[in-house]
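Enquirer: build me a model from this:
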Amino acid sequence: MKKERPISLEDHIKKAKEGKQTSFNYLLDTFWNDVYNFQLKRTQDEYEAEDITIQSFSRAFDKIDTFKEEFNFKTWLIQISKNIHIDLLRKKNASIQSKTTTQVDDSVYRIIDDNPSPEDKLITEQNLAQLLLYIKQLKPHYQKVINLRYFQELSYKEIADQLEEPINNVKVKLLRAKKLLSEIITNTKN
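Expert: Got it, this is the predicted structure:
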């Protein structure tokens with residue numbers, strides 16, 4: 001019996017360019033801590049570091065087609081993150097409200113979510129009371145996005161409108177919230 005070789009980073013990048021959700025999840029999981037820790041050192045603020053990290057992945061996933069394979073993916077992500085932070089600093093220094101644009105053009109990448117991910121399956125297997133206890137362990141902004149998506153059953157666009165954030169930020173924030181919730185459930189079971 002032939003053993004399947006593990007999917008390489010290059011393969012995940014290629015599949016992400018083709019719109020494969022599992023590859024986006026892999027890239028988010030693999031590089032989240034690198035980008036977050038980089039921003040934490042720069043900002044000295046957990047919330048701001050997390051917000052910039054979410055924006056970084058949002059922009060990277062939106063522009064993944066522009067990534068050139070001869071470069072290091074982590075370096076590319078960090079550079080995007082650095083640029084976002086510099087932009088935010090410029091806006092703050094110019095006393096302009098530091099809020100990302102809410103305009104979304106037609107070329108914005110849409111994350112396909114028609115098949116439940118392993119996190120979705122794990123979350124739906126929990127009884128409601130227990131699930132609510134797990135959700136309470138998340139940071140408030142993650143609790144809110146989980147509530148809007150799964151309990152109020154709002155679309156990404158409706159959530160983006162309600163939170164006054166770009167739709168890609170909502171997608172990345174929801175993806176991160178599901179990962180964290182899945183980790184809480186798994187750790188509690190073990």
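
Enquirer: which phi and psi values does the residue most central in space within the chain adopt?
Expert: The centre of the chain sits closest to V172, judged by C-alpha atoms, centre = their mean, with a distance of 2.6 Å. The phi/psi pair for V172 (degrees, to the nearest 10) reads phi -70, psi -40.

Enquirer: tell me how far it lies from L27.
Expert: Remark: distance between V172 and L27 (C-beta to C-beta, to the nearest Å) = 11 Å. (C-beta placed from N, C-alpha, C; glycine too.)

Enquirer: got any residues that touch both of those two?
Expert: 57, 61 (C-beta atoms under 8 Å, 6 or more residues apart in numbering).

Enquirer: now do stretch 42-55: distance to the chain's middle.
Expert: 13 Å (C-alpha atoms, centre = their mean, to the nearest Å).

Enquirer: the bottom helix or strand of this protein by mean pLDDT?
Expert: Every helix and strand in the chain was compared by mean pLDDT, DSSP states H and E; the lowest is helix 118-125, with a mean of 62.

Enquirer: any idea of the mean pLDDT in the very next helix or strand once past that helix?
Expert: Next along the chain after helix 118-125, taking DSSP states H and E as the criterion, comes helix 128-136. Helix 128-136 carries an average pLDDT of 80.

Enquirer: and helix 128-136, what other elements does it pack with?
Expert: Applying 3 or more C-beta pairs under 8 Å, 6 or more residues apart in numbering; DSSP states H and E, one finds that helix 128-136 contacts helix 140-146, helix 167-189.

Enquirer: what's the following helix or strand after the first one?
Expert: It refers to helix 140-146. Where DSSP H and E defines the elements, the next helix or strand beyond helix 140-146 is helix 156-163.

Enquirer: any idea how far I80 is from S58?
Expert: For I80, the distance to S58 equals 10 Å [C-beta to C-beta].

Enquirer: pick out whichever of those two has more residues nearby.
Expert: More neighbours surround S58 than the other of I80 and S58, with 25 against 21 (other C-beta atoms under 10 Å).

Enquirer: the more buried one: which element?
Expert: Element membership for S58, per DSSP H and E: helix 46-62.

Enquirer: so where's this structure uncertain?
Expert: 1-5, 95-129 (pLDDT under 70).

Enquirer: coming back round to it: closest to T53 out of the helices and strands packed on helix 128-136?
Expert: Of all the helices and strands packed on helix 128-136, helix 167-189 sits nearest to T53, with 8.6 Å by C-beta to C-beta.

Enquirer: so which elements touch the closest one?
Expert: Packing partners of helix 167-189 (3+ C-beta pairs under 8 Å, 6+ apart): helix 21-43, helix 46-62, helix 118-125, helix 128-136, helix 140-146, helix 156-163.

Enquirer: that'll do, ta.
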